[in-house]
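A.B. asks: let's see this in three dimensions:
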Amino acid sequence: MQTTIKSAVTFSGIGLHSGALATVTINPASAEYGVWFRRTDIHDRDALVPARWDVVQQGRLCTKIENSAGVQVSTIEHIMAALAGCGIHNALIEIDGPEVPILDGSAAEFVFGILNRGVRELSAPVRAIRVLKEVEVREGEAVARLSPSDIFEINFHIQFEDAAIGQQEKSLNMANGAFVKELCNSRTFCRKADIQTMRDNGLALGGTLANALVVDGGTVMTPGGMRYEDEAVRHKMLDALGDLALAGAPLLASYSGYRAGHALTNKLLREFFARSDAYEMVQCDADTALRLPGVGVRRSDIPVAA
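C.D. replies: Prediction:
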């Protein structure tokens with residue numbers, strides 16, 4: 001069955017890139033509603049923005065959506081990953097500013113809030129997008145690919161000059177609460193060498209050592225160090241899940257990313273949906289539904305490091 005959150009849950013914090021304080025509330029929604037954002041600070045035009053791949057605006061360091069009235073919400077990838085990873089299909093997300101709070105840089109607080117409220121089943125079947133043909137996009141050395149699979153899995157490979165990150169690779173079958181257990185508390189990361197450039201371009205204005213994993217060569221500057229030796233690639237997988245959730249339904253596919261980011265994953269979805277022979281919508285039978293992300297997760301599944 002489709003699901004929603006049992007009752008509303010609210011979070012407050014600063015935006016990673018804007019540095020602005022915002023409050024966001026995840027509200028229950030009815031079957032077939034999907035996921036929408038509503039800007040509560042906007043009153044002179046349409047304030048509803050669909051969480052959908054085709055309204056994503058180009059951006060390298062976060063995922064930003066915009067409706068036809070020009071209303072935007074940015075840095076939505078972590079909250080979208082939390083919804084997908086907890087198996088939430090329908091929600092109205094209200095926010096009083098243009099950027100979702102970064103919190104600790106991961107999706108763990110969103111996940112804890114959702115699971116603390118609980119998940120409610122709705123009287124409608126779950127539909128999934130089954131990938132029929134491989135679709136791939138490239139930009140330089142970066143590659144993003146969707147391939148046919150009976151399960152949803154994510155495979156990711158990253159490579160950075162800084163020895164604290166270096167080369168990392170990880171693959172996960174996203175069933176059985178894998179997102180909550182292994183990815184949700186992995187934090188966003190950056191190189192110290194890139195911080196000034198980002199700020200000169202109006203980005204990372206709210207970034208601190210409390211909400212990002214900052215590395216400088218072989219040194220981890222963030223107090224406490226990494227939560228996992230491969231926290232960086234785990235976070236890239238978290239981002240990928242959030243960006244792929246903008247497909248509008250769970251995927252039955254294998255996603256592979258090599259040095260990929262938000263923009264390339266969205267480019268992949270645009271290419272994928274442009275090919276009508278590459279996918280089909282299917283109603284999930286009981287066995288298939290049990291293999292989707294989020295089924296059966298509990299608060300106790302959240303890692304202690306969250």
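A.B. asks: please make it C-alpha for all contacts and neighbour counts, starting now.
C.D. replies: Will do.
A.B. asks: show me the domain layout of this protein.
C.D. replies: 3-121, 127-299 (automatic domain parsing).
A.B. asks: most tightly packed of these?
C.D. replies: Among the domains of the chain, domain 3-121 has the highest mean neighbour count (mean count of other CA atoms under 10 Å), at a mean of 20.
A.B. asks: tell me the SS of Ala240?
C.D. replies: Under DSSP: H, G, I helix; E, B strand; the rest coil, Ala240 falls in the helix class.
A.B. asks: run a quick check on it versus Thr265, I expect a contact.
C.D. replies: Yes: contact criterion CA atoms under 8 Å: Ala240 and Thr265 qualify, at 7.1 Å.
A.B. asks: distance from the centroid: which residue in this structure tops it?
C.D. replies: Asp44 (29.4 Å; CA atoms, centre = their mean).
A.B. asks: residues touching Gln57, list them.
C.D. replies: By CA atoms under 8 Å, 6 or more residues apart in numbering, the contact list for Gln57 reads Thr63, Lys64, Ile65, Glu66.
A.B. asks: mind redoing it with 6 Å?
C.D. replies: Lys64, Ile65 (CA atoms under 6 Å, 6 or more residues apart in numbering).
A.B. asks: also Pro303?
C.D. replies: Lys181.
A.B. asks: hang on, it in a helix?
C.D. replies: No: read with three-state DSSP, Pro303 is coil and lies in no helix.
A.B. asks: look up how far Phe112 lies from it.
C.D. replies: Distance check for Pro303 against Phe112: by CA to CA, to the nearest Å, it reads 10 Å.
A.B. asks: can you lay out the domains of the chain as CSV showing mean pLDDT?
C.D. replies: Shown next, in CSV, are the domains of the chain (pLDDT from 0 to 100):
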stretch, mean pLDDT
domain 3-121, 96
domain 127-299, 93
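A.B. asks: now the most centrally placed residue in the chain, nearest residue through space, not along the chain?
C.D. replies: Among the residues of the chain, the one closest to the centroid is Gly242, at 1.9 Å (CA atoms, centre = their mean). With sequence-adjacent residues excluded and distances taken as CA to CA, 6 or more residues apart in numbering, Gly242 is closest to Ala81, at 3.7 Å.
A.B. asks: so that neighbour: helix, strand or coil?
C.D. replies: helix.
A.B. asks: these two touch, right, it and Leu241?
C.D. replies: Yes: taking contacts as CA atoms under 6 Å, Ala81 lies within contact range of Leu241: 5.3 Å.
A.B. asks: can you show me the helices along the chain?
C.D. replies: Using DSSP state H, the helices of the chain run over 77-85, 108-117, 178, 192-200, 231-244, 262-273, 286-290.
A.B. asks: tell me which of those sits nearest to Ser18.
C.D. replies: helix 192-200 (9.9 Å; CA to CA).
A.B. asks: chain center to that closest one, what's the gap?
C.D. replies: 23 Å (CA atoms, centre = their mean, to the nearest Å).
A.B. asks: which strands and helices lie in contact with that helix?
C.D. replies: Under the contact definition 3 or more CA pairs under 6 Å, 6 or more residues apart in numbering; DSSP states H and E, helix 192-200 sits against no other helix or strand.
A.B. asks: just the residues contacting stretch 102-111, thanks.
C.D. replies: 13, 15-16, 78, 82, 184-188, 211-212, 306.
A.B. asks: same question for stretch 119-128.
C.D. replies: Against stretch 119-128 from outside (CA under 6 Å, 6+ apart): 1-6, 249-251, 281-284.
A.B. asks: isn't Leu292 up against Ala175?
C.D. replies: Yes: using CA under 6 Å, Leu292 is in contact with Ala175, at 5.3 Å.
A.B. asks: chain neighbours aside, what residue packs nearest to Thr63?
C.D. replies: Nearest to Thr63 is Thr75, by CA to CA, 6+ apart, at 5.1 Å.
A.B. asks: which residues sit in contact with that neighbour?
C.D. replies: With CA under 6 Å, 6+ apart, Thr75 has these contacts: Cys62, Thr63, Lys64, Glu99, Val100.
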